[in-house]
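[1] Structure of the sequence below:
(2 chains)
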Amino acid sequence: MRHLMFRRIAMLFLIALSAWGLARPAFAQTSAQWDVRYDALVADAKAQMFGDPLIAIDRARAAEGIADHLAPARRNTAVATAQWLQGEAYLRLNDTARAEPLIEHALALVAKPAQPTKLYGDLLLSRGGLRLAEADVAGALASYQQAHNIFRDIGEARSRAIAIVSIGFLYQEAGDFKSALRYFDQSADIYKGDQRLLFSIYTNRGICLMDFNKIAQAQTAFRKALALAHDLKTPTLEASTLRNIARAQLFAGQRAAAERSIALGLQAERGADAAASRNHFLVLSAWAARLRGNLPEAQRLIERAFANVDPNASTLDMREGHLVAYDIYKETHNQAKALVHLEALKQVDDKTSKLAASANTALAAARFDFANQELKIEKLKRAQLLRNIEDARNRARTQQTIFGGLAVATVIIVSMLAFGLITIRRSRNEVRAANVDLAKTNEALGRALAAKTEFLATTSHEIRTPLNGILGMTQVMLADRSLEEPLRDRIGVVHSAGVTMRALVDDILDVAKMETGNLTIEQVPFDLKAMLRDVSRLWEEQARGKGLDFVLDLEACPDFIEGDPARMRQIAFNLLSNALKFTERGQITVRAFSEGSALRISVNDTGIGIPHDKIGIIFESFRQVDAGTTRKYGGTGLGLAICQNLARAMGGDVTVQSVVGAGTTFTLSLPLALAPAPTLSVTSADATPDALLILDRNPISRSMLRAVLEARAGVVLFAGSVDEAVARIVQGGVTRVLIDDATAQAESDVDAGLAALGASDAVTTLLWRAPSVEDCARFAAMGIDRVIAKPIAGAALAAAMFGNAVPAAKSASEVLVTQAA
Amino acid sequence: MNILFIEDDPMNRRVVKDMLDVAGATMTGAESGEIGLALIDAQDFEIVLLDLRMPGMDGFETLRHIRARSDAKAHLPVIVVTADTAVDLRERCIAQGADEVLFKPVAMDSLFDAIGRMLAKGAGDGMIG
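    Predicted coordinates for the structure are as follows:
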């Protein structure tokens, strides 16, 4: 906050820098006289931009005036360029009211170019400067990023570097000096060929370092800037840099050195008419005089500094002046004047802290995206990143061999993932603490974060592959009907262990996604009650198995709501798993209800409870109440952290109330968005429930028949055996039965089975491969209403069963459809 | 029914083969995109299952080659089977011409369900039996 003033100066410098550029014509030279004149005016406007913006405005306006005489093809660009230069010059003069319409108009002229142009990028940079002047940090950031992307795409390294430095400024304004330094360094990496840009970077490094109280290092940076300013033969820059040096020296208490710097600065500035700049020197001199103990001199100087300035003025520019004045008047016991400056100071600080706060919020949201882009760009860093990823991949690969025993592997992999996450997090903290070289540290941080994300994604991929084997094969084994019960039971244990492991891998991946802001939330209508019933069913059985009562209270629960069913289910699942884990006796109650505009889902247990002082930590990743809890109850300690993060991502929260020994209630609160109940598709006019029952054991043909017939049949049910089918028909509602021959033939007595189905009231259709006339007669005698020859096209089958309400399939005539007599 | 599974990991091929066996379908395995394309040339398949991460030609490239064919096999139903979990992966696969995306570990039910739906696709042109 102390150095906002010279941050502002550096910013203005940068704005000018982008416009100044290399004074080369923006277009190919033509011999036409108007082109030559136009190009000359634009070149002059650019050259004057830095020294005298008023002349630049004059030149650019003249260029705009003759743009009409140019070839129509370049007219738009010519007008836009001229307007851009005027806008830039006004921005340099702090006249945003004049600058804005010029820049916006120019942007509209060259909007949506087929090929992005440098001019378009330059205009976006200017727009960013405008937004910043209006304290719209999010807008400024967006503009700078757009500009950056354009420059990157068209290979304009210098402009790109400027865009990145501009973004660095935003971070600096927001008080995030580490990030700011990182951007400045990245910018210097991308383009070193511009002394002005380097000057800007050194200056800002110095300012950031001042904020870290690294005064000596800041002075070094300022001295480098000074050398560049000298080489550039730009006295204004020399003067402003000498002010920075003097300020740093005053902070360090080096009064005599500061006075020398001030004298040099004033000398450098001689000839320039910068009244405001001279005021800054007066302020610094007053400060030095106060340090020297010469209070009358100090008072004389500070009065001169404020001679033409309203002491109530609360512009950022005068902050340091107010601060020095306050100190001087306080020491000279002039309370009234001291108070005036103190109030002005407070106003400035209020404004700037507001700006910094809004800047912080806007940047926090955008930070990762941009950091990621930057990491991608830089080849050096990228090479390192790839090496890290390769290391992670190799590590993960060697783990595959560990998968001998499933139980052992589960523990090893999960603790390894947890260890990986914690280790990288810890190493990040250590790097942060070391703080030896801030620039390098920040770079390493970015790499570590990207490597961690990549590591988790890769590890998750590598673990999913062996899990595929475990879960897949146990499913295949469990599908075998002849499997004996004790063996089935044991395979079931292996299967659920695999399912648990997959949930853990998903949890860890979710954490990685949340940390990188890659979590996506859906907003779709769904049946909340059905979702809660479904998720409760999974846990109810386990609760009863443990001797617990399980209550699902949906009395006040809304039916259809809009939200993310998968994520809400995940939260409910985790909370229930948690409740069950920590409860040995009593009851688990799930309640869902709306309360005003909020939806609440609470999971209450009568378990061990959470000590009051531990409530804060249970939502942290990898935390349980104590280390012993992990050993006793298992789990990664990720569940609640995920629940809370998910809830917050959906605009809500998870809260907890607990009494040790009495129980705990977790409550998920979300903004309630009711959705209309979907209208159910009614298949017959009188809306009587009529279902199609399909007797088919083959899972693939079941899915295929469902896809073919569901649109016509409405409700589709399946049975795997004749007994199952008959039992279902007895329950009622089944008006049609479709029988597959392969499944029917698997019965011990095929004819008896078919006859049992034929005897029902439902219309029975039998699919039979190449039926003979005798077959058909036999089936008819059993009460089968219709025999259809296999193979048959899906559409033809639907038409045969439900009539030709839809156009007949092209192959309908090719197959044999036998209507039983 | 003959299903082609292009997948470099032999264990995954074995698992899916055994799963399909439960539903009475036969599976031909191809351990690389190149071999998979050659098999599509030489044989008739009803469905192609396709892994994404493979050495040499990856799943996306294999998919491009299938869709670029000039014969009817360009429209073979392709189900991507992947262990990747990138946020927009499903959308990317569909955009590149995949008909369905399944994530490993693949549940047997969802594999059968996807295959059945693929077979029924095309306004009921799928043959039952």
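[2] need the strands for the chain, in chain order.
    If you meant another chain, say so; for now it's chain A. A:524-527, A:549-553, A:560-563, A:587-595, A:598-605, A:653-659, A:663-671, A:691-695, A:715-719, A:734-740, A:763-769, A:786-790, A:792-793, A:817-819 (DSSP state E).
[3] let's do chain B instead
    Using DSSP E, strands in chain B cover B:2-6, B:26-30, B:47-50, B:78-82, B:100-103, B:127-128.
[4] Reformat those strands as CSV; add mean neighbour count and mean pLDDT.
    Where you see a C-beta, it was placed from the backbone N, CA and C, and this is true even at glycine. As requested, the strands of chain B are exported to CSV (neighbours: other CB atoms under 10 Å in any protein chain shown; pLDDT from 0 to 100):
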stretch, mean neighbour count, mean pLDDT
strand B:2-6, 23, 95
strand B:26-30, 18, 94
strand B:47-50, 26, 96
strand B:78-82, 24, 95
strand B:100-103, 19, 92
strand B:127-128, 20, 67
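[5] Among those strands, which comes closest to chain A?
    Chain A lies closest to strand B:127-128 among the strands of chain B, at 4.5 Å (CB to the nearest CB).
[6] Could you report the neighbour count for A:L705?
    27 (other CB atoms under 10 Å in any protein chain shown).
[7] Just want the most central residue of chain B.
    Against the mean C-alpha coordinate of chain B, by CA atoms, centre = their mean, the closest residue is B:L49 at 1.4 Å.
[8] Tell me the bridge partners for it.
    B:L49 has these beta-bridge partners by DSSP bridges: B:F5, B:I79.
[9] so who does it touch?
    Shown in contact with B:L49 (CB atoms under 8 Å, 6 or more residues apart in numbering or on different chains): B:I3, B:L4, B:F5, B:I6, B:E7, B:V16, B:V78, B:I79, B:V81.
[10] If we use 7 Å, what do you get?
    B:I3, B:L4, B:F5, B:V16, B:I79, B:V81 (CB atoms under 7 Å, 6 or more residues apart in numbering or on different chains).
[11] A:L85 versus the closest residue to chain B within chain A, what's the distance?
    Minimum separation of chain A from chain B (CB to the nearest CB) falls at A:S703, amounting to 2.4 Å. A:S703 is 67 Å from A:L85, where distance means CB to CB, to the nearest Å.
[12] more crowded one of the two?
    Set A:S703 next to A:L85 and count neighbours by other CB under 10 Å: A:L85 wins out with 30 against 24.
[13] Next one, pLDDT for residue 112 please.
    Using chain A here. pLDDT recorded at A:K112 is 64.
[14] The intended chain is chain B.
    Listed pLDDT for B:F112 reads 94.
[15] Please work out how many residues are found near it.
    22.
[16] thought it was touching A:P699?
    Yes - assessed by CB atoms under 7 Å, B:F112 is found in contact with A:P699 at 3.8 Å.
[17] related to what we said a few turns ago, out of the strands of chain B, flag the one nearest A:I618.
    strand B:100-103 (30.3 Å; CB to CB).
[18] hmm, that closest one in reach of chain A?
    No - Strand B:100-103 is not in contact with chain A by CB under 7 Å from any CB of the partner chain; minimum separation 7.9 Å.
[19] and that strand, which strands flank it?
    By DSSP bridges, strand B:100-103 pairs with strand B:78-82 (parallel).
[20] and the gap between the spatially closest residue to A:A111 that is not a sequence neighbour and A:N149?
    In space, and not counting its chain neighbours, A:A111 is closest to A:Y120: 7.9 Å by CB to CB, 6 or more residues apart in numbering or on different chains. Distance from A:Y120 to A:N149, counting by CB to CB: 11 Å.
[21] how near is A:G293 to B:Q96?
    Using CB to CB, A:G293 is found at 77 Å from B:Q96.
[22] A:E64 now?
    Distance, A:E64 to B:Q96, by CB to CB: 48 Å.
[23] In terms of neighbours, single out the busier of those two.
    Neighbours per residue, other CB under 10 Å: of A:E64 and B:Q96, the larger number sits with A:E64, 23 against 15.
[24] Could you pull up the contacting residues of the more buried one?
    Applying CB under 7 Å, 6+ apart, the residues contacting A:E64 are A:V79, A:A82, A:Q83.
[25] Let's have the strands of chain B in a markdown table, adding distance to A:G547.
    Shown next, in a markdown table, are the strands of chain B (distance: least, CB to CB, whole Å):
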| stretch | distance to A:G547 |
| --- | --- |
| strand B:2-6 | 46 |
| strand B:26-30 | 46 |
| strand B:47-50 | 45 |
| strand B:78-82 | 42 |
| strand B:100-103 | 37 |
| strand B:127-128 | 49 |
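[26] Quick one: closest of these to A:M801.
    So among these, strand B:127-128 is nearest, using CB to CB, at 11.7 Å.
[27] burial count for the residue nearest to A:V734 when sequence neighbours are not counted?
    With CB to CB, 6+ apart as the criterion, A:V734 has its nearest non-adjacent residue at 4.6 Å, and that residue is A:L693. Number of residues near A:L693 (other CB under 10 Å) recorded here: 26.
[28] my guess is A:L693 meets A:A725, correct?
    Yes - counting by CB under 7 Å, A:L693 touches A:A725, with 6.1 Å between them.
[29] Minimum distance to chain A, which residue of chain B gives it?
    B:G116 (2.4 Å).
[30] my read: that residue touches A:I700, true?
    Yes - counting by CB under 7 Å, B:G116 sits close enough to A:I700 to count as a contact (4.9 Å).
[31] any common contacting residues for B:F112 and A:P699?
    Both B:F112 and A:P699 are in contact with B:A23, where contact means CB under 7 Å, 6+ apart.
[32] For A:R243, which residues are in contact?
    Per CB under 7 Å, 6+ apart, neighbours of A:R243: A:G265, A:H280, A:F281, A:L284.
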